[in-house]
Each structure stands twice: as C-alpha cells, then as structure tokens.
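# Got a predicted structure here, sequence first:
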Amino acid sequence: QVQLVESGGGTVQAGGSLRLSCAASGRTFSYYTMAWFRQAPGKEREFVVAISWRGGGTYYADSVKGRFTISRDNAKNTVYLQMNILKPEDTAVYYCASSARDIIATMDDVADWGQGTQVTVSS
C-alpha cells in the first residue's frame, strides 16, 4: 500500500497557474504509475492525467491537454501537476492516485488515493 499526500491547492483567478504536489511513501515509488483525478461539486470523479512507471508515458484528458503537465521525481517520491491557463471549470478537489499497473485510465485502475486538495478558479 502506498500513502499519498497532496499539497499545493488554493484559489486562483482564471488564467492563472497552480502546481500540485503528491508525496508518496514507500521505497518502490519508481514502479508505480501515478495519476491525478478531480471531482467537482455534484459531479463524478474524473480522470485528469497519468504518468506511467514504464517509460514515463503520459496520458491527458482532452479537457486539460496543452494546459496541464504531469511530471515525477522518483528520487523525491513525488509527482507534480503543473496547471496553467486555469479556467473556472477546473474548480474541483484534485486527488492523487497510484497503481502498480502500467496505465491508469479509470478509477478501477487505482489502488491507492490521497485525501485530495481543493483547487478553486474564480472568474
């Protein structure tokens, strides 16, 4: 089991930027695929982006392509989500997720979740 702790959420104006971090416990972080999901009020949790442990391939939801960037630092057991050109519709609780699978595409692929961090984008 991997423990995940997110940080970096907050309130920002539309067009602004935020960087989320997710620190993971465990010595085998480099063998975990990591992802970010988000859940807006009254909506289901949705996939945002993933980065595979195998080769570092990245996969983005269409809604964030070109604006969000995921990266990982295996030496620090941390995954990052750089969010640029933020929109009000990006407002949600953002969750870090991990899996031993090669890819995370849905919630069914996730083994462990963080507690979430709130991102609010004002218009």
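Right, received. Where do you want to start?
# alpha carbons only for contacts and neighbour counts from here, please
Will do.
# Point to the residue nearest the middle of the protein.
residue 36 (2.3 Å; C-alpha atoms, centre = their mean).
# pretty sure that residue is in a helix, no?
No. Counting by DSSP: H, G, I helix; E, B strand; the rest coil, residue 36 is not found in a helix; it is strand.
# Now it. Nearest residue, chain neighbours left out?
Nearest residue to residue 36, sequence neighbours excluded (C-alpha to C-alpha, 6 or more residues apart in numbering): residue 96, at 4.7 Å.
# With residue 82 instead?
residue 19 (4.4 Å).
# Let me know the secondary structure of that neighbour.
Applying three-state DSSP: residue 19 is strand.
# Could you report the pLDDT at it?
At residue 19, the pLDDT value in this model is 98.
# who's in contact with the residue nearest to residue 78 when sequence neighbours are not counted?
Leaving aside its chain neighbours, residue 78 sits nearest to residue 23 (4.5 Å; criterion: C-alpha to C-alpha, 6+ apart). Applying C-alpha atoms under 8 Å, 6 or more residues apart in numbering, we find residue 23 in contact with 4-6, 76-79.
# what's the answer for residue 90, then?
Here residue 90 is in contact with 119-121 (C-alpha under 8 Å, 6+ apart).
# now those as JSON lines including pLDDT?
Below are these laid out as JSON lines (pLDDT from 0 to 100):
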{"residue": "119", "pLDDT": "98"}
{"residue": "120", "pLDDT": "98"}
{"residue": "121", "pLDDT": "98"}
